[in-house]
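> could you look at this predicted model? Sequence included:
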Amino acid sequence: MRCPYCSHPDSRVVDSREAKDGTEIRRRRECNACGRRFTTYERVEEAPASVIKRDGRREAFDRVKLLAGLLTACEKRPVPRAKLEQIADLVEAEISSRGDREMSSEEIGNLVIEQLRELDQVAYVRFASVYRRFEDVNQFMQELRKLLLQGGRES
C-alpha cells in the first residue's frame, strides 16, 4: 500500500480489526520509509445493484435517493430516522440477495409501502400517493378506505 504522505510503495500492517459488522477490515499501517501511520479499509467488491424502472431502463440503486423519499414521506411525523435506515437496509439486502442483483422499482415500492404501513399510516399514504401516482382525491380515498378496512394501527 502506497503511503499517502511520502508515496513510498511499502508499508507494514500494525493492527487489523473488523469494521462495519464484519463486512470490512480496518488496517492500521506504518510506512517503511517515513514511519507515519495511516488507516486503510478492505471490503469485498460487489457488482452494483440495479433498479429496473417502469420504462425498462436500468439505473444503479441509490440508497440516498430511497432515504430522501422516505424522509419526505415522514416529514413532520414521529418516525425515527433509524427506522427509515432499517427500511433502506431491508431493501438493499433484498436486492443483494438476488443472483442478478436487480429489482424492479415496483417491487421496491411495494416493499417500502408495506414497511411504512406498519410504521406510520400518514407516511404510508404520502409515499403511496407519489409511488402509485394518485391523480385525484378519489384515489386517496380508495387508499384510505383500504387502510381503514385492514384495521391498520393508529399513528
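Arrived safely.
> using the three-state scheme, assign Gln139.
With DSSP: H, G, I helix; E, B strand; the rest coil as the basis, Gln139 sits in helix.
> so where do the helices sit in the chain?
For the chain, the helices defined by DSSP state H occupy 63-73, 81-97, 105-119, 121-131, 137-149.
> name the helices or strands packed onto the worst-scoring helix or strand of the chain on mean pLDDT?
Here the helix or strand of the chain ranked lowest by mean pLDDT, DSSP states H and E is helix 137-149, holding a mean of 72. The helices and strands touching helix 137-149, judged by 3 or more CB pairs under 8 Å, 6 or more residues apart in numbering; DSSP states H and E, are helix 121-131. Placement of C-beta: from N, CA and C, glycine included.
> can you give me the neighbour number for Pro80?
Applying other CB atoms under 10 Å, we find 10 residues neighbouring Pro80.
> ok, now which ones touch it?
Residues in contact with Pro80, defined by CB atoms under 8 Å, 6 or more residues apart in numbering, are absent; none qualify.
> could you number the chain from 186 rather than 1 from now on?
Done: numbering now begins at 186, and the last item shifts to Pro265.
> who's in contact with Arg228?
Each residue near Arg228 by CB under 8 Å, 6+ apart is listed here: 205, 208-210.
> go again with 7 Å.
Counting by CB atoms under 7 Å, 6 or more residues apart in numbering, Arg228 touches 208-209.
> again with Cys191
216, 218-219.
> Cys216 versus that one, what's the distance?
Distance, Cys191 to Cys216, using CB to CB, to the nearest Å: 6 Å.
> now swap in Ile293 and tell me
Ile293 is 45 Å from Cys216, by CB to CB.
> ok, Asp240 next?
Noted for Asp240: a distance of 51 Å to Cys216, by CB to CB.
> ok, these two, which is more surrounded?
Cys216 (21 against 6).
> so what's the residue count around the nearest residue in space to Arg221 that is not next to it in sequence?
Nearest residue to Arg221, sequence neighbours excluded (CB to CB, 6 or more residues apart in numbering): Tyr190, at 4.9 Å. Neighbours of Tyr190 under the rule other CB under 10 Å: 13.
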